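# what's the 3D shape of this:
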Amino acid sequence: MRQTSEYKLLKKVASIYDQKFIAEHIGVERETINRKLKDIGCELSKTKYDKLSELLPRNFVKSEPDFTFIDLFAGIGGIRRAFENVGGKCVFTSEYDKYAVRTYMANFHSDHKINGDIREITQPNGLHDRQACKHIDELIPNHDVLIAGFPCQPFSIAGVSKKNALGDKHGFECKTQGTLFFDVARILSIKKPSVFMLENVKNLKSHNKGNTFRVIKETLLELGYFVADLNVKKKQPDPKIIDGQNFVPQHRERIVLVGYRKDLNVHEGFSLSKISKLFPEKVPSFSDVLEEKVDDKYILTPKLWLYLQNYAAKHKAKGNGFGYSLTYNDSIARTLSARYYKDGSEILIYRGKGKRPRRLTPRECSRLMGFDKPDGNNFKIPVSDTQAYRQFGNSVVVPVFNAVAKLMQPYIKKAVKANQLISKRTIRKKAS
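Model (predicted):
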């Protein structure tokens, strides 16, 4: 039987939201949704079809974009939105985590499938080097800009501490995540995009006494790219390290690597130090991102609150800095981490003397990370609280990358134009 448009729409929506939510949204019983998902010839009334359509993101990208880009290790799309805002169109997406993919699909229109593990493309089994290169070239479309927030756990302070405690390897020695930078390098080598923008934790620069970053830097230079702000004196602030607290009430430092192909000769004058010109005049206060009414389930239980106090006291007696952090209305929050769902200890909201503190809600996390405005609720969160905390904790401060993309925009345009001229000359030479 031919799949109806109603069935296709319902199936796509069901890949993002659970059946109960869909049923409540369009006004039917949950069992009705279950039955219709089994019937590929199912039909819906126009009203219910329209209500169902509301759950999918609209396409806000202009029909003739200024440039194309690919979104690797995409997470929930924190960097994608920034490059769409400056005229780009995403033509390829890769994200390994199935729950993050649901959130990504709920918020971004895509006319291409979301690819899973990038290694299935960059490290295909059973193919020798030449075949593997052809495989990458065929499956990843040509693009002007490569953006990638490659996994940071092998390089982060928390990630390294955990792996050391477990006796595991970290950095490039981590077989699952640490080597993923080289998958990015393979794509750069084969597709040769005009521009790249990579993001990671601040600790990437100092990891393994600087050797990890040295390898990354040398690899990018060998591939023929100019990397911005590499030659920074030790005592000077590094423009590549940007703190989210310049945009939102959260201390969150990330390293940003921007590169332009040397043969295009468009990089002159670019520096991330100019991002300070794009800082907002007034950063929202922590109280601005808080919701007015919050479910009691976000208040710490007496048992958990007592545990955190005892844990902090024990480590304080040993001279360690481990413990919870109470966050007040005028505070700059500590860095939200992917482990926030466990106890919320890094950002506990003070509720008054004698009262147990509470966690942030997922919506407040969305605001603190800049996915929503301080009082907004437009970013769709189709997953459980646990998954939402992991996703926001693994993501980026969106306004930071809005600013990075704005800085890069004129250089991207020049790079695209220069690359087009080179391509035309190459075609002429081959023709003659």
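# What is the end-to-end distance of stretch 230-241?
In stretch 230-241, first residue to last residue: 11 Å (C-alpha to C-alpha, to the nearest Å).
# Number the residues from 9 up from this point.
Yep, numbering from 9; the last one is stretch 238-249 now.
# and Glu128, how far is that from Leu135?
Taking C-beta to C-beta, to the nearest Å as the measure, Glu128 falls 12 Å from Leu135. (Each C-beta comes from the backbone N, C-alpha and C, glycine too.)
# One more: Gly86?
For Gly86 relative to Leu135 (C-beta to C-beta), the value is 33 Å.
# So those two - more neighbours on which side?
Between Gly86 and Leu135, counting by other C-beta atoms under 10 Å, Gly86 is the more crowded of the two (25 against 13).
# which ones are touching the nearest residue to that one once chain neighbours are set aside?
Of all residues not flanking Gly86 in the chain, Val404 sits nearest, at 4.1 Å (C-beta to C-beta, 6 or more residues apart in numbering). Contact analysis of Val404 by C-beta atoms under 8 Å, 6 or more residues apart in numbering lists 83, 86-87, 157, 207, 262, 377.
# can you tell me which of these lies nearest to Met113?
Gly83 (12.5 Å; C-beta to C-beta).
# Can you report how many residues lie near that closest one?
If we define neighbours as other C-beta under 10 Å, then Gly83 has 22 of them.
# That one reaches Ser403, doesn't it?
Yes. Between Gly83 and Ser403 there is a contact under C-beta atoms under 8 Å: 5.2 Å.
# okay, now Asp58: neighbour count?
Neighbour tally, Asp58, other C-beta under 10 Å: 11.
# chain center to whichever strand or helix holds it: distance?
Per DSSP states H and E: Asp58 is located in helix 54-61. Distance of helix 54-61 from the chain centroid (C-alpha atoms, centre = their mean, to the nearest Å) equals 31 Å.
# List the contacts of it.
So helix 54-61 is in contact with 14, 17-18, 21, 30, 33-36, 52, going by C-beta under 8 Å, 6+ apart.
# Just the closest of the residues you listed to Val240, please.
Val21 (48.0 Å).
# hang on, the closest one packs against Leu52?
No. At 11.1 Å, Val21 does not count as touching Leu52 under the criterion of C-beta under 8 Å.
# who's more crowded, those two?
A count of neighbours by other C-beta under 10 Å puts Val21 above the other of Val21 and Leu52, at 23 against 20.
# Give me the secondary structure label for that one.
helix (DSSP: H, G, I helix; E, B strand; the rest coil).
# any weak-confidence spans in the stretch 309-440 of the chain?
Counting by pLDDT under 70, the low-confidence segments of the stretch 309-440 of the chain come to 438-440.
# Quick one: the helices in it, in order.
Per DSSP state H, counting those that start in this stretch, the stretch 309-440 of the chain carries helices over the ranges 310-325, 348-351, 370-376, 393-401, 406-439.
# For Val302, which of these is the nearest?
helix 370-376 (8.3 Å).
# Output the closest one in PDB, but only the C-alpha positions, please.
Once non-C-alpha atoms are left out, helix 370-376 reads as follows in PDB (Å, rounded to 0.1, in the frame of the first residue of the first chain):
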ATOM      1  CA  PRO A 370      15.300  22.200  31.500                       C
ATOM      2  CA  ARG A 371      13.700  25.400  30.200                       C
ATOM      3  CA  GLU A 372      16.000  27.500  32.500                       C
ATOM      4  CA  CYS A 373      18.900  25.500  31.100                       C
ATOM      5  CA  SER A 374      17.800  26.500  27.600                       C
ATOM      6  CA  ARG A 375      17.800  30.100  28.600                       C
ATOM      7  CA  LEU A 376      21.100  29.900  30.500                       C
END
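# contacting residues around that helix?
256-258, 296-299, 341, 344, 348, 368, 380-385, 387, 389, 393, 396-397, 400-401.
# at 6 Å what do you get?
By C-beta atoms under 6 Å, 6 or more residues apart in numbering, the surrounding residues in contact with helix 370-376 are 258, 297-298, 380, 382, 385, 387, 389, 393, 396, 400.
# Out of those residues, which end up buried?
Neighbour counting with 16 or more other C-beta atoms under 10 Å marks 258, 297-298, 380, 382, 387, 389, 393, 396, 400 as buried within the contacts of helix 370-376.
# As JSON lines, these with distance to Asn239 would be great.
Formatted as JSON lines, the buried ones among the contacts of helix 370-376 follow (distance: C-beta to C-beta, whole Å):
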{"residue": "Gln258", "distance to Asn239": "30"}
{"residue": "Val297", "distance to Asn239": "37"}
{"residue": "Leu298", "distance to Asn239": "42"}
{"residue": "Asp380", "distance to Asn239": "38"}
{"residue": "Pro382", "distance to Asn239": "38"}
{"residue": "Phe387", "distance to Asn239": "38"}
{"residue": "Ile389", "distance to Asn239": "42"}
{"residue": "Asp393", "distance to Asn239": "45"}
{"residue": "Ala396", "distance to Asn239": "40"}
{"residue": "Phe400", "distance to Asn239": "34"}
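# nearest to Phe77, of those residues?
Comparing these against Phe77 with C-beta to C-beta places Phe387 closest, at 20.7 Å.
# so how far is Ile435 from the closest residue to the closest one other than its chain neighbours?
Distance criterion C-beta to C-beta, 6+ apart; nearest residue to Phe387, sequence neighbours excluded, is Phe379 at 4.2 Å. According to C-beta to C-beta, Phe379 and Ile435 sit 43 Å apart.
# Which one's more surrounded, these two?
Phe379 (27 against 10).
# What is the burial count for the spatially closest residue to Ala236 that is not a sequence neighbour?
Closest residue in space to Ala236, ignoring its immediate chain neighbours: Val266 at 4.5 Å, by C-beta to C-beta, 6+ apart. Other residues within reach of Val266, judged by other C-beta under 10 Å, total 24.
# Dihedrals phi and psi, Val266?
phi -110, psi 130 (degrees, to the nearest 10).
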